[in-house]
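Q: pasting the sequence and the predicted model now:
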Amino acid sequence: MPDFFTIKSSVTVEKEIKKSRFIANVAPVSSPEESFDFFNKIRDSSATHNCWAYKTGHQYRFSDDGEPAGTAGKPIFTTIERLAYNNVIVVVTRFFGGIKLGTGGLIRAYGGVAAEALRAATAIPIEEKIEICFLFPFSKLGNVRGVMNKLGFVPKEEHEPDGIKYFFSAPKKELDNIRNTLIDITHGAGKFSLL
């Protein structure tokens, strides 16, 4: 099971709810700056509201853009999290149709249209990676190199006065297994740290 998903490319979904037109645009992004660039490109100044949420890594933000607090941006963001997406922005533009939806109706509308757009996109599974440094004695080079090859890692190698440092990235969920394997192969002489 992947740690999260992103999407391959932008998708637009449109839905009418009680005469209001909701247009959800989703896009892959890698930073808050890219998120705002996409929002500024996609927002419609003739619309009643342009509500949005993004998540990039551990950074996120959302906006109700004039809808009652907590009825638009937060439901969009909650949908991103519930469906395990990251590195995405969802912008839901609303053209008011004359019928008020109420707080619950707005939450369902914004969250529901965001979910439809994310489900319509091509999902790309992503495994969260971590950066690792492993320092070990010169005498253990053959053993460590053999294990690294077997695990499929290609480390950057640096020589230090007290041994060799290997720098590499690995799936976060395999961290304990990798640590135990490397410590065992060096008979406890290796030092494992996260960058």
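A: On my side now, so go ahead.

Q: any regions of this protein where pLDDT drops low?
A: Across the chain, the ranges flagged by pLDDT under 70 are 1.

Q: which parts of it belong to which domain?
A: According to automatic domain parsing, the chain comprises the domains 4-126, 129-194.

Q: next, the distance between the ends of stretch 33-49.
A: With Cα to Cα, to the nearest Å applied, stretch 33-49 spans 21 Å between its terminal residues.

Q: picking up where we left off before, rebuild the domains of the chain as JSON lines, extending it with mean neighbour count.
A: Just so you know, the C-beta spots here come from the backbone N, C-alpha and C atoms, and that holds for glycine as well. What follows is the domains of the chain, written out as JSON lines (neighbours: other Cβ atoms under 10 Å):
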{"stretch": "domain 4-126", "mean neighbour count": "18"}
{"stretch": "domain 129-194", "mean neighbour count": "14"}
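
Q: so R94 makes contact with D44?
A: No. Assessed by Cβ atoms under 8 Å, R94 is found out of contact with D44, at 9.7 Å.

Q: shared neighbours, these two?
A: Residues touching both R94 and D44 (Cβ atoms under 8 Å, 6 or more residues apart in numbering) are I23, N50.

Q: so what's the residue nearest the centre of the chain up against?
A: Central residue of the chain (Cα atoms, centre = their mean): N86, 2.0 Å from the mean position. By Cβ under 8 Å, 6+ apart, the contact set of N86 is F4, F5, T6, K55, T56, G57, I80, I126.

Q: same thing with Y110?
A: Shown in contact with Y110 (Cβ under 8 Å, 6+ apart): F22, C51, E67, T71, A72, G73, P75, I76, V92.

Q: helix, strand, or coil at it?
A: Put simply, Y110 is helix when judged by DSSP: H, G, I helix; E, B strand; the rest coil.

Q: how near is it to S30?
A: Distance of Y110 to S30, computed by Cβ to Cβ, to the nearest Å: 24 Å.

Q: V13 - nearest residue in space that isn't next to it in sequence?
A: A117 (4.2 Å; Cβ to Cβ, 6 or more residues apart in numbering).

Q: repeat for E14
A: Per Cβ to Cβ, 6+ apart, closest to E14 is I23, 4.9 Å.

Q: would you map the strands across the chain?
A: Along the chain, counting by DSSP state E, strands occupy 4-7, 11-17, 20-28, 49-56, 59-63, 88-95, 123-126, 129-136, 156-160, 163-171, 191-194.

Q: Serialize those strands to CSV and add fields for distance to L101.
A: As requested, these are exported to CSV (distance: least, Cβ to Cβ, whole Å):
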stretch, distance to L101
strand 4-7, 27
strand 11-17, 7
strand 20-28, 7
strand 49-56, 12
strand 59-63, 18
strand 88-95, 10
strand 123-126, 29
strand 129-136, 42
strand 156-160, 55
strand 163-171, 43
strand 191-194, 47
